[in-house]
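# coords below, sequence missing:
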């Protein structure tokens with residue numbers, strides 16, 4: 001019995017420690033830091049609080065390393081209406097979406113789309129973590145601390161989402177992000193297998209001006225749930 005207790009102790013420390021064990025962070029960081037040059041397929045679903053689907057998108061991204069270039073196709077549905085297939089690409093500092101070209105740096109390109117490489121957080125940002133063995137590899141699940149007015153998460157969802165939601169003028173600093181969970185699956189040889197991000201975004205819209213009255217800000221909040229999943233492809 002004593003031997004069994006000793007064997008179980010390291011696992012309990014990994015799963016139940018109040019401080020996140022670096023052994024639940026380092027393998028993910030090492031595997032996914034280089035995932036910017038992996039091909040992958042993805043699916044994104046954004047729902048309004050209550051279950052109405054606002055945006056559903058899926059597609060595939062192909063990435064080359066030398067020089068860095070990206071090509072992808074994305075099928076999108078908005079409020080149940082199919083928008084068709086969009087073609088995007090990035091190379092030599094130019095981002096092209098459906099034949100419209102925009103100059104930007106590689107960093108700007110990677111930061112502007114949720115279809116970009118996965119978010120990686122430091123151990124200080126993680127509330128708790130757990131590890132699960134699967135047929136595909138080892139799944140690391142991180143529960144991230146809530147962020148208020150996070151530029152990183154706000155930018156990830158894009159400036160266009162509030163407009164799609166019909167919001168007049170979102171107060172970015174008062175937009176909240178909660179229930180943030182990241183899942184990373186790492187193969188036995190240390191390569192990325194899959195990634196998932198789920199969260200709730202609560203957008204704070206600017207209340208209308210009403211002479212002699214101060215509308216409650218909470219009446220002008222819109223919550224959406226985000227579910228983004230990626231499957232990586234071996235080259």
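Thanks, I have it. Every value quoted in this text rests on a predicted model; they were computed, and no experiment measured them.

# List phi and psi for residue 197.
phi -130, psi 130 (degrees, to the nearest 10).

# Name the spans of this structure whose pLDDT lies under the cut-off.
Confidence mapping of the chain against pLDDT under 70 gives the ranges 1-18, 34-37, 111-116, 235.

# now with 50?
For the chain, residues meeting the criterion pLDDT under 50 lie at 1-17.

# so where do the strands sit in it?
Assignment of strands within the chain using DSSP state E yields the ranges 39-48, 53-64, 69-78, 81-91, 94-97, 100-103, 126-133, 138-144, 147-148, 176-186, 192-204, 221-233.

# Which of the ones you listed sits closest to residue 169?
Relative to residue 169, the nearest member of those by Cβ to Cβ is strand 192-204, separated by 9.9 Å. Every residue, glycine included, has its C-beta placed from N, CA and C.

# Report the angle between that closest one and strand 176-186.
Computed with axes from the mean of the first three to the mean of the last three Cα atoms, to 10 degrees, the direction of strand 192-204 lies at 180 degrees from that of strand 176-186.

# and the angle from strand 192-204 to strand 39-48?
Counting by the same axes, to 10 degrees, strand 192-204 points 30 degrees away from the direction of strand 39-48.

# Adding distance to residue 167 and mean neighbour count, write the strands of the chain out as TSV.
What follows is those, written out as TSV (distance: least, Cβ to Cβ, whole Å; neighbours: other Cβ atoms under 10 Å):
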stretch	distance to residue 167	mean neighbour count
strand 39-48	12	17
strand 53-64	12	17
strand 69-78	15	17
strand 81-91	20	13
strand 94-97	23	16
strand 100-103	24	10
strand 126-133	29	14
strand 138-144	24	19
strand 147-148	17	14
strand 176-186	14	19
strand 192-204	6	20
strand 221-233	6	18
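
# Let me see the contact set for the closest residue to residue 58 other than its chain neighbours.
Beyond its immediate neighbours in the sequence, the residue positioned closest to residue 58 (Cβ to Cβ, 6 or more residues apart in numbering) is residue 43, lying 4.4 Å away. Shown here is residue 43, whose contacts under the criterion Cβ atoms under 8 Å, 6 or more residues apart in numbering are 56, 57, 58, 228, 229.
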